[in-house]
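K.L.:
Sequence plus predicted model, see below.
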Amino acid sequence: MEDYNLSKFTVISDPQSLNDKISAIRNAGLSKLQVIADFDATLTRYRINGQRGQSSHGLLQQGNPEYDAKRRALYEYYHPLEFSPTIPLEEKTKLMEEWWGKTHGLLIEGGLTYDAINNSVANSNIAFRDGVVELFEFLEEKDVPVLIFSAGLADIIEEVLRQKIHRSFKNIKIVSNRMVFDDCGRLVSFKGKLIHSLNKNEHALDMAAPLHDQLGNIDGPVSDNASVKQRTNVLLLGDHIGDLGMSDGLNYENRISVGFLNDNIEKNLENYCNAFDIVYLNDTPMWGVVKLATQLCSMEVD
Ligand SMILES: [Mg+2]
């Protein structure tokens, strides 16, 4: 941790404003603070051994090559549309709904099982950034809730947490697309409203569900959503500018936003610096955020 020169990869465009936010959050105390984090390429690494790491959607092999190929074909069709500069947002949102809806349909039709999820995660090229476990542990100790908000698949994110971290955290909640399995561990439906890449901002807190240790034991929204809404100071972590919308469901007082700019740095740096309080370049570890969290959670001594 110490020998890594993080400052070389850290850009803070307005240090004064950041310091003011840090002070305001510290003064308000721990009971006001929560962390909202994107999953793919934010908590997880963008590259692993020089290769692009997989996403929670991308790693899934449903054990049926025909259906894996059909989902792949959808990706190839819709992914360029997602980033097209010419399609208006409203139309794009419809396209994303279509894509996610069809993909979920194929997962059901192709007979996805919980075992296939297990195996997919075991065989996947996915890894948390260094420091993520330490961040989670620190926040758990301080009773600061962490909301992982993703347009991916909740059940896969949970399995990644189980297999890569080997423990669960009582302060972590996942807001993502959640599957419903029958008694044989076969996917039968999805719960609640679809979350795709362009509506990640609408209904964040209402869909929060606790991390579960056994399959299929989650029902309905958690009861402490209200208390999460009382936590009006936010540390937000994302890797896309759109991730800033994750705190839209919240009437926040102070927000420190951290952006991981993993790729196309030159083209995007200015936009990221305008959008985020802190920008980390080059797929850095999470140590800077650990340090920031420590600062936010320490008592004001004066
Ligand atoms: Mg992401």
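P.N.:
Structure's in. What do you need? Residues are numbered from 1 along each chain as shown.

K.L.:
you'd agree Ser31 is up against Arg231?
P.N.:
Yes - using Cβ atoms under 8 Å, Ser31 is in contact with Arg231, at 7.4 Å. From N, CA and C alone the C-beta is placed, and that goes for glycine too.

K.L.:
more neighbours, those two?
P.N.:
Neighbour count, other Cβ atoms under 10 Å: between Ser31 and Arg231, Arg231 has more, with 21 against 11.

K.L.:
Chain neighbours aside, what residue packs nearest to the more buried one?
P.N.:
Nearest non-adjacent residue to Arg231, counting by Cβ to Cβ, 6 or more residues apart in numbering: Gln34, 4.0 Å away.

K.L.:
Would you agree the one you found falls within a strand?
P.N.:
Yes - with DSSP: H, G, I helix; E, B strand; the rest coil as the criterion, Gln34 is located in a strand.

K.L.:
what about it, neighbour count?
P.N.:
Counted by other Cβ under 10 Å, the residues lying close to Gln34 total 25.

K.L.:
what's the answer for Val121, then?
P.N.:
Val121: 24 neighbours (other Cβ under 10 Å).

K.L.:
Could you measure from the residue in the stretch 151-300 of the chain positioned nearest to the ion over to Met96?
P.N.:
Residue nearest to the ion within the stretch 151-300 of the chain (Cβ to the ion): Asp239, separated by 4.3 Å. The spacing between Asp239 and Met96, counted by Cβ to Cβ, to the nearest Å, is 18 Å.

K.L.:
And these two? Which one has more around it.
P.N.:
Asp239 (23 against 19).

K.L.:
follow-up on the earlier one: surely the residue nearest to Arg231 meets Lys142?
P.N.:
No - Gln34 is beyond contact range of Lys142, at 11.1 Å (criterion: Cβ under 8 Å).

K.L.:
Show the contacting residues for the residue found closest to Trp99 once you drop the neighbours it is linked to in the chain.
P.N.:
In space, and not counting its chain neighbours, Trp99 is closest to Tyr78: 3.9 Å by Cβ to Cβ, 6+ apart. Tyr78 makes contact with Leu95, Met96, Glu98, Trp99, according to Cβ atoms under 8 Å, 6 or more residues apart in numbering.
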